[in-house]
Structures are given as C-alpha cells and as structure tokens.
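# the following comprises the amino acid sequence and a computationally predicted model.
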Amino acid sequence: MITATPTTRYQNPLESTWQQHFVEAITDPAELLRALDLGSEWLAPAEAAAKLFPLRVPRSFVARMRCGDPFDPLLRQVLPLGEELFEAEGFGSDPISESGYQQAPGLLRKYSSRALLITTGACAVHCRYCFRRDFPYEDQQGETGRWREAIASVTADPSIEELILSGGDPLSLSNARLNALTNSFKGVPHLRSLRLHTRNAIVLPSRIDAGALDWICSLPWRVTIVLHVNHAQELQSDALEALARLSTTGALLLNQSVLLRGVNDDAATLSALSRTLHMHGVLPYYLHLLDRVSGSAHFEVSESRGLEIVEALTSTLPGYLVPKLVREVPGATSKTAIVARG
Ligand SMILES: *Cc1c(COP(=O)(O)O)cnc(C)c1O
Ligand code: SF4
C-alpha cells in the first residue's frame, strides 16, 4: 500500500496574495447569504442550482454588493437561482457551436486574422450566465505540453496576426506560466498583437500584482486588455486601483458586457457604466446579447429591447462611449452587429 502524503499543492505555500484570495472565494451558498444578510428562502434553490454549476465569488466582489438586497445587480450575476433548473426552448450546452472551430487543442479559429487560445478553464468567479459553463474544459486545458500543438499551429499560420488569450480567465494562471506561454510565441514573425480577455482583473483586483504588470510590460506586441464589467457598481475601491495599475502598462483597455435582465438592462445603468469606465481609462467595446446556454433563459433580453437601449445610449453619450450591440451567430465570420431594420 502506498501511504498517502499531502499533495504538493498543499506542501507548497501559495505563490502570492492573489492566489490566496482566489482560493478563499465564497463557494457555499449559505455563507454568501449570511454575508449579505439574506433570508433562508434563497438557500434551497441556490444549493440545487449550484450542483449543476458551482457557486464561486471572490470576497472582494461580495464586498461591493449591497447587504440585504436580493436583487443587487452584482449578486444576481453570481447567485444560483431556481430558474436555472428550468429547461428552455432554444437553450443548450454549446449555444455558439464552438466545438467545430478548433484549429488545434484549445485554439479556436473562427475569424480571420485572429485566434483565441483557451488557456485554462478556471475563473475566479462563476458567472451564472456564462456561455462556457458547460464547456468541456477537461478536453481542452493546455497544460504546457498540450499548448504545444496550439503554439505550433499559430507559428505555422501567417494569417494569424492577433492572439487572444482567453478561457476561463488567463489571469487564473500564475505569472510564471503566463510568461512561459507568451515566451513561446515571441519568435513568431506574423504576430502583431496580443489580447487578454479577463474578468479576474475586476473581480479579484489583487491579481493585478507587480508580476502581472511586469509580464504585460515585457510583451513585444501591441497589447489590448478586454475587461468584462457589467455594472458600474463593480468599479469600486480595490477594482479601481487595479484599473489604475493596468493603465500604467500602456495597454489599450476595453470592456465587454453582457446585456442581462435584472442586472443592466436599462439605458441609465449602461450609461453610468460607460461614463465610469471612461473616467478610469477604459472604453466600451461590445455589449453582447446573451448566448443561449442552458440555465440562463431568465437573463435573456430581447434584440428589440437591446436596440432600444443602445439607441438611448447613442442619443446621450459621445459615440466612443456607446458599445456595439452584438450577438454570436454560429458560422458567421465575425460577431454579428445588431442594427435597427428598415
Ligand atoms: C469573440 C471571439 C473573437 C474576437 O472577436 P473580435 O471581434 O475580434 O473581438 C475571436 N475568436 C473567437 C473564437 C471569439 O469568440
Ligand atoms: S469570467 Fe467569463 S469565462 Fe469566467 S465564468 Fe464569468 S463569463 Fe464565464
């Protein structure tokens, strides 16, 4: 018999503060409800829905929620609800047909000139509407060995000018692993820009540590960081400090949001979001209509309502603060812009 020893994971102290914050996230629905002074009537449905997609929310994000308000727009994004258990027509597990677009394991190639690398399945937060909630990450996850094919594929394909690090959240990887990953692309002559899609920077601001800033500054490409913020209330205290640190890197900072019923589906909310982003050096990029993943039907906002909201934004904000309303359409050669007909 082999005597079990604690795994190396437990023998090694965590590398840094952010990793500590990552593992200390709230994952127990009862604890989340207690932290926010919410009634026990939310508990049974939360526990049932969390069995399908676990609850996970960093404490920094919880600190930005209002106590005692079950409809808080930040809480809504992370609290498992009974509604998730309903099956809805047209909602499934691969709503945007990603499985057909793998150029190499973990490398999605849908659009010309850019390729998206699924660096890890892990995120600091679990967003209930996530279109990747049912994604078969175990088949994809690039352990260093498994990134090899993706790296070879990008290297051999001169049509790829931009590499997008996505996930999950690439900032769930350690700085050392990020460095190792981007080092393997440094000699690729056709690569001109590198993009990072991250929500960890906002929900887990300690992730933007000195090592992460050094890593971003060391990259030899034009760097674009696309954040994911859905509501201005997310942009408080330590999250604003993280944005200020990111700004020092000179990376282009953009934001994408998902249009979510009960979270940000009105013009005043999205206008406040655009203005707050702008004040902190970030421009809105996309406003996504929901991808129809199982369990998310209660978040859906119709196309016509989306258009109404964007028209209201257009009539009150400078053009550069109006995000582009888009939807992911399987087989399309880009995100599909939603525009008024006629
Ligand atoms: C959204 C997405 C991109 C990036 O599209 P942009 O319009 O350049 O932001 C690239 N690859 C995949 C697979 C995507 O889903
Ligand atoms: S951070 Fe992004 S990938 Fe992660 S759960 Fe939220 S929406 Fe999904």
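That came through fine. Ligands and ions are numbered 1, 2, ... in the order given.
# now the residue sitting nearest the centre point of the chain: how far from Pro45?
Among the residues of the chain, the one closest to the centroid is Arg199, at 4.2 Å (Cα atoms, centre = their mean). For Arg199, the distance to Pro45 equals 24 Å [Cβ to Cβ, to the nearest Å]. (Glycine included, C-beta is placed from N, CA and C.)
# now swap in Leu55 and tell me
Distance from Leu55 to Pro45, by Cβ to Cβ: 12 Å.
# what does Ala124 give?
In terms of Cβ to Cβ, Ala124 sits 24 Å off from Pro45.
# neighbour-wise, which of the two wins?
Ala124 (27 against 17; other Cβ atoms under 10 Å).
# didn't the more buried one look like it was pressed against Val203?
Yes: counting by Cβ atoms under 8 Å, Val203 is a contact partner of Ala124 at 5.3 Å.
# list the residues that are in contact with both of the two.
Pro58 (Cβ atoms under 8 Å, 6 or more residues apart in numbering).
# so Val310 lies in a strand, does it not?
No: assigned with DSSP: H, G, I helix; E, B strand; the rest coil, Val310 falls outside any strand and is helix.
# before we move on, back to that, give the closest residue to the residue nearest to the centre of the chain in space, chain neighbours not counted.
Of all residues not flanking Arg199 in the chain, His228 sits nearest, at 4.0 Å (Cβ to Cβ, 6 or more residues apart in numbering).
# and what of Leu32?
Ile26 (5.0 Å).
# so what pLDDT did that neighbour get?
For Ile26, the pLDDT comes out at 98.
# again, but for Pro136
So, for Pro136, pLDDT stands at 55.
# repeat that for Ser97.
71.
# need the contact list for it.
Pro330, Gly331.
# give me the phi and psi for it.
The phi/psi pair for Ser97 (degrees, to the nearest 10) reads phi 50, psi 50.
# please apply the same query to Leu108.
The phi/psi pair for Leu108 (degrees, to the nearest 10) is phi -100, psi 130.
# check the secondary structure at Gln103 for me.
Under three-state DSSP, Gln103 comes out as strand.
# right, and it touches Arg109 too?
Yes: between Gln103 and Arg109 there is a contact at 3.9 Å, judged by Cβ under 8 Å.
# joint contacts of those two?
Ala115.
# picking up where we left off before, from ligand 2, how far off is the residue nearest to Leu32?
15 Å (Cβ to the nearest ligand atom, to the nearest Å).
# OK, contacts around that residue?
Per Cβ under 8 Å, 6+ apart, neighbours of Ile26: Leu32, Ala35, Leu55, Arg56, Val57, Pro58, Arg59, Val62.
# identify the bridge partners of it.
Note on Ile26: beta-bridge partners by DSSP bridges are Val57.
# can you tell if stretch 211-223 touches ligand 1?
No: if you take Cβ under 6 Å from any ligand atom as the test, stretch 211-223 misses ligand 1, and the best it gets is 13.5 Å.
# quick one: mean pLDDT for that stretch?
98.
# name the residues of it that are buried.
Gly211, Ala212, Leu213, Trp215, Ile216, Leu219, Trp221, Val223 (16 or more other Cβ atoms under 10 Å).
# list the residues that contact the nearest residue in space to Ser294 that is not next to it in sequence.
Leaving aside its sequence neighbours, Ser294 sits nearest to Phe91 (Cβ to Cβ, 6+ apart; 5.0 Å). By Cβ under 8 Å, 6+ apart, the contact set of Phe91 is Arg292, Val293, Ser294, Gly295, Ser296, Ala297.
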